[in-house]
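Q: Sharing a model prediction with you, sequence too.
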Amino acid sequence: MEYYNYIKSLHLIFVITWFAGLFYIVRLFVYQIEANEMPSPEKEILQKQYKIMTYRLWYIITWPSAVLATIFAVWLLILMPAWLQMPWMHVKLGFVVLLFIYHFKCQKIYTELQNNQVKYTSNFMRLWNEGATIILFAVVFLVILKNAINWIYGVVGIVLFSVLIMLGFKFYKRIRNKKSD
């Protein structure tokens, strides 16, 4: 089992790049949606560029990272099957399922935007971006604390932090709207 730490390191690297891809793709969705509201020719120029950027991010970084993180996670569970008996691992795997649901929903949004179907607002996408953040916090606290209960404090903290960010965003938007009037 001398290669265990290599497998664990590779798993962590691909989890990090997967999350980076998820964070950035939703930010690009925000820009794509906002570009859709711009006048021509700016709208078409930006949409074309964002489609290229999202395609590369999604299929060259995010999807491969998700697949490789999963492969290395399964490998770790094969090496350490006792983890599957631990309550914190059950909760973590629940969050991993939520992460895959989030990922597949991002795939759906990606496909819609690539087909010029805008079904969400940029404000919705800003809120949607917090989903991956909450999952990340929950999983990190679970893995570090190895406790199925104490992770709640970390998640509550990030939810409160997210609420503060959104309140700050709304306050900034109000100020920006007053300046443009």
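A: Structure received. No experiment lies behind these values; they were computed from the predicted model shown. Residues are numbered from 1 along each chain as shown.

Q: and the gap between residue 106 and residue 128?
A: Using Cβ to Cβ, to the nearest Å, residue 106 is found at 8 Å from residue 128. Heads up, the C-betas are built off the backbone N, CA and C, glycines and all.

Q: Please enumerate the shared neighbours of the two.
A: Listed as contacting both residue 106 and residue 128 by Cβ atoms under 8 Å, 6 or more residues apart in numbering are 26, 29.

Q: okay, the two: which has more neighbours?
A: It is residue 106, of residue 106 and residue 128, that has more neighbours when counted by other Cβ atoms under 10 Å, with 21 against 17.

Q: Would you agree that one is in contact with residue 25?
A: Yes. Using Cβ atoms under 8 Å, residue 106 is in contact with residue 25, at 5.9 Å.

Q: where does this protein have its least confident helix or strand?
A: In the chain, the helix or strand scored least confidently by mean pLDDT, DSSP states H and E is helix 151-180, which has a mean of 77.

Q: low pLDDT regions in this structure?
A: 1, 148-151, 154-155, 181 (pLDDT under 70).

Q: Run through the strands of it in chain order.
A: Counting by DSSP state E, no segments of the chain form strands.

Q: Have a look at it and report its longest helix.
A: Using DSSP state H, we find that the single longest helix of the chain is helix 4-36.

Q: So for it, what gets flagged as buried?
A: By 16 or more other Cβ atoms under 10 Å, the buried positions in helix 4-36 come out as 7-8, 10-11, 14-15, 17-19, 21-22, 24-26, 28-35.

Q: repeat for stretch 127-134
A: Judged by neighbour count using 16+ other Cβ under 10 Å, the buried positions of stretch 127-134 are 128, 129, 130, 131, 132, 133, 134.

Q: Return the member of the residues you listed nearest to residue 76.
A: Nearest to residue 76 among these, counting by Cβ to Cβ, is residue 132 at 21.6 Å.

Q: wait, that closest one sits on residue 20?
A: No. Using Cβ under 8 Å, residue 132 is not in contact with residue 20; the gap is 9.9 Å.
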